[in-house]
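1. Build the 3D model from these lines:
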Amino acid sequence: METFGKKLTELRKQKGMSQEQLAFDLNISQSSVSNYESGRTTPDMGIMQLIADYFQVPITYFFQTKKLYFSPMKIMAEISAI
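-> The predicted structure follows:
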């Protein structure tokens, strides 16, 4: 099962961002991003919504157990590859 942390890591890497860049953009600490990605902590709903908005995914993306959702970045990459 994909965890919140794994999904966050995947989204961040798809954008080619470092944890430091993401933390700066979200106005949170790099250690928070690291803790979320490693599963040591989970953000509260407010931060989770901020992250979802940042990556342009619905907040429910983080709660899905199966890959039923394709990120806009993946879709655009596939379209541009055609």
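
2. Low-confidence ranges, this structure, go.
-> Residue ranges of the chain with pLDDT under 70: 1, 66-76.

3. any idea how far the residue most central in space within it is from E78?
-> Among the residues of the chain, the one closest to the centroid is L8, at 3.0 Å (CA atoms, centre = their mean). As judged by CB to CB, to the nearest Å, L8 and E78 stand 22 Å apart. Quick note: C-beta positions are derived from backbone N, CA and C, even for glycine.

4. Ok, A52 next?
-> Applying CB to CB to A52 and E78 gives a distance of 22 Å.

5. the more surrounded of these two?
-> A52 (17 against 10; other CB atoms under 10 Å).

6. from memory the more buried one sits against I59, does it?
-> Yes - counting by CB atoms under 8 Å, I59 is a contact partner of A52 at 4.3 Å.

7. Spell out, range by range, the helices that occur in this protein.
-> Counting by DSSP state H, the chain has helices at residues 4-14, 19-26, 30-38, 45-55, 72-80.
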